[in-house]
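From the sequence below, what's the structure:
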Amino acid sequence: MRAVYVAGPIKGTSYEQATHWRLLAADLLGANVEVLDPMRRSEALAGETSLSGTYADPLWQQKAFVNRDLFDIARADAVLAYLSEATTVSIGTMCEFGYAYALRKPIVTVLNSDIHDHPFVRELSTFLTPEFGEACDFLRALLNV
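Next up, the predicted model:
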C-alpha cells in the first residue's frame, strides 16, 4: 500500500478547517492509499475554533507531534501540500515542505492564493495546481494506484 502525508496549516485554524480537506483527500485518493494525517486521533479537539498547537494530551505535545509528523513524512511515498485556504504563512507546513524535499519525496501542492506563493514553494513542488481534485488525480497516477 502506498502512503501520502497530508501537509497543511493547522495552528490558528478551526478543527473543521484542519480536517475537512484531509478527509476529502482520503476519499479521493482511495482505499489503496494510506493517508498519513497529522490530525489523526484529534477528535477531542472537535469544536475548537482556533487550534493552538499544543494540548494536555501527550499526542498533542509539541515534541510529540513534530516528531510524529516528521516520521510520517519519512515513511510516506509522497506529500500532498494543501496551501489554498491559509490565512497566514504556515511555518510548520513550510518546515515539512523542506524536510520532504530533502528526503526526495514528491510534493504535490495545491496553491491558489498569494500567501504561500513563493519561489521555494513553486520550485520544490513536483506538481503545482490550484485544483484539489487535480492534485489527487496526479498523486494517484504518480503512485500508480
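
before we move on, what SS does the residue lying farthest from the centre of the chain have?
Distance from the centre of the chain peaks at residue 56, with 23.0 Å (CA atoms, centre = their mean). What DSSP: H, G, I helix; E, B strand; the rest coil gives for residue 56 is coil.

Now for it: which residues touch it?
If you count contacts by CB atoms under 8 Å, 6 or more residues apart in numbering, residue 56 has none. (C-beta placed from N, C-alpha, C; glycine too.)

quick one: it from residue 139, how far?
35 Å (CB to CB, to the nearest Å).

Equivalent analysis for residue 30, please.
Distance of residue 30 to residue 139, computed by CB to CB: 10 Å.

Same drill for those two, tell me which one is more crowded.
Legend: neighbour count by other CB atoms under 10 Å for residue 30 and residue 139, higher for residue 139 (24 against 13).

So for the more buried one, what's the nearest residue that isn't a sequence neighbour?
residue 108 (5.3 Å; CB to CB, 6 or more residues apart in numbering).

Now find how far off-centre the strand or helix carrying the one you found is within its chain.
Assessed by DSSP states H and E, residue 108 sits inside strand 107-110. Here the centre of strand 107-110 is set off from its chain's centre by 9 Å, with CA atoms, centre = their mean, to the nearest Å.

Neighbouring strands of that strand in the sheet, and parallel or not?
strand 78-82 (parallel), strand 127-129 (parallel) (DSSP bridges).

measure residue 45 to residue 15 for me?
In terms of CB to CB, residue 45 sits 5 Å off from residue 15.

quick one on the thing from earlier: what's in contact with the strand holding residue 108?
78-84, 97, 100-101, 121, 124-132, 135, 138-139, 142.

Ok, stretch 138-145 next?
So stretch 138-145 is contacted by 2, 4, 29-30, 32-33, 77-78, 80, 106, 108, 126-127, 129 (CB under 8 Å, 6+ apart).
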